[in-house]
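Student: fold the following and give me the result.
(chains A and B)
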Amino acid sequence: MDGIADMGGTPGWGPVQPPKKNEPVFAEPWQGRAFALAILSNRVSGGNLDSFRHALERLDRAAYLEEGYYGRWLNAGELRLLDSAILAPAAVDARARNLRGEHVEEPPIPEPAKPDYAPTAEGTLRSIDTAPAFGVGEHVRAKDMSPPGHTRLPRYVRGHVGVVDIVQPAGVLPDTNAHFLGENPQYVYSVRFDSHELWGADAESFDLTVELFESYLDATS
Amino acid sequence: MTTTSGPDETLPAALRTEALEQLLTERGLIDPKMIDGIITTYETNVGPLNGAKVVARAWTDPEYRRRLLEDGTAAIKELGFGGFQGEHIVVVENTPTTHNVVVCTLCSCYPWPVLGLPPGWYKDPAYRARVVKEPRAVLSEMGLDLDDDVQITVRDSTSEVRWLVLPERPAGTEHLTEQELVPLVTRDAMVGVAKVAAP
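Tutor: Numbers count the residues shown, from 1 in each chain, chains lettered A, B, ... in the order given. Down below sits the predicted model:
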């Protein structure tokens, strides 16, 4: 889906941050706990890496941006818990208010509805019997599609032609795995694009590679 | 989720984190010790020092360097590093004429086993949005001015490939040992937004 998370090439973010020396891993204690809780929340709700990324992708602008990276992880973790009915909507909100001294009634615990999902192996790499559809050096076009569910095809490469640079191992297809509709493993290609193909004649000159699943690509004739 | 009850009120993330931890703990779904364990792992055990050891080995052992560029995951595993977010690491080499820089425009994918959790600038929307469109300008803002004849390749790690940049060994370090080189290697150089400086 075309959510806030798909940031490549989008305008208006201002200058980049220069790197800081000795930046702490977690600037504030809650950030470390939110990071760990997000990982554990996704596990408790029966999710996978792709369903977690899809939760991040579904956050609204405020939930994604306002409290930074760990804020967005916290919010995606909570969204996964709501998806699987481990928590009731507003349960976290009510508890937070009670923690700061308000007296708010907390919603009852719902009947959990976790997805019927088990990975076929650890991680996302898979071995498949078929041969890759595209070879190194071959021209390919990224599909110009905007699927309603999860995808790892960024908007800024859609419709553009590149060259296969590396055939990577096969991996679980996020587009179906995020929705517990099967792993559908397929080859991943590092596709090399010329900057002028992506951004026009006046762009800076450089190359860019991006990993694209086989079903994101069409042959060019 | 950002929750509001009353107009314009969003409860602070720190408070919502505490609430969520309490709700899951009291139902026995998590153990706070698991949280402490994850934090300790990423604050103390896993960080860019791992990647620096890989780079220093590659700088001093041509045979290791060859293996690293051929199969990064296997060569990195030789030094004991691997696992979650490092299942498939591809290493690319920066040279005086070619420069690789890594980003993840869709989230903040990063090779955790060798670099730890990503720094703030890597997760910042400005970096994610801009480095795929104007890398030379972005690198310059970050303090790295590349000559016009240097070929830049931006690596957008949208899928399960994790990129690690093998930076150039700085001139004047020929006499240093592998162990002496390790502290020179920075996280920023292994992402491709800086070069390694001689001591």
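
Student: which residue is nearest the centroid of chain B?
Tutor: Using Cα atoms, centre = their mean, the residue of chain B that lies closest to the mean C-alpha position is B:Leu115, 4.4 Å off.

Student: should've said chain A
Tutor: A:Arg53 (3.3 Å).

Student: which SS class is that one?
Tutor: helix (DSSP: H, G, I helix; E, B strand; the rest coil).

Student: wait, a helix at B:Arg57?
Tutor: Yes - B:Arg57 sits within a helix when classified using three-state DSSP.

Student: can you confirm A:Phe134 is in a helix?
Tutor: No - counting by three-state DSSP, one finds A:Phe134 to be coil, located in no helix.

Student: for B:Thr98, list each beta-bridge partner.
Tutor: B:Gln151 (DSSP bridges).

Student: am I right that it is in contact with B:Val150?
Tutor: Yes - in this structure B:Thr98 lies within contact range of B:Val150 using Cβ atoms under 8 Å: 7.0 Å. Every C-beta, even on glycine, is put in place using the N, C-alpha and C of the backbone.

Student: so which of these two has more stuff around it?
Tutor: Neighbour count, other Cβ atoms under 10 Å in any protein chain shown: between B:Thr98 and B:Val150, B:Val150 has more, with 16 against 13.

Student: confidence score at the residue nearest to the more buried one when sequence neighbours are not counted?
Tutor: Distances taken as Cβ to Cβ, 6 or more residues apart in numbering or on different chains put B:His99 closest to B:Val150, at 5.2 Å, once the chain neighbours are dropped. B:His99 carries a pLDDT value of 98.

Student: what distance do you get for B:His99 to A:Asp144?
Tutor: Per Cβ to Cβ, to the nearest Å, B:His99 is found 30 Å from A:Asp144.

Student: same deal with A:Gln17?
Tutor: A:Gln17 is 33 Å from A:Asp144, by Cβ to Cβ.

Student: could you report the neighbour count for the residue nearest to A:Glu138 when sequence neighbours are not counted?
Tutor: Leaving out its chain neighbours, the residue that sits closest to A:Glu138 by Cβ to Cβ, 6+ apart is A:Val164, at 4.9 Å. Using other Cβ under 10 Å, A:Val164 has 22 other residues around it.

Student: equivalent analysis for the one 4 residues further on, please.
Tutor: A:Gln168 is flanked by 20 other residues according to other Cβ under 10 Å.

Student: figure out the helix or strand that it lives in.
Tutor: A:Gln168 belongs to strand A:161-171 when assigned by DSSP states H and E.

Student: adjacent strands (with direction) for that strand?
Tutor: When sheet partners are counted by DSSP bridges, strand A:161-171 sits next to strand A:125-126 (antiparallel), strand A:139-142 (antiparallel), strand A:186-194 (antiparallel).
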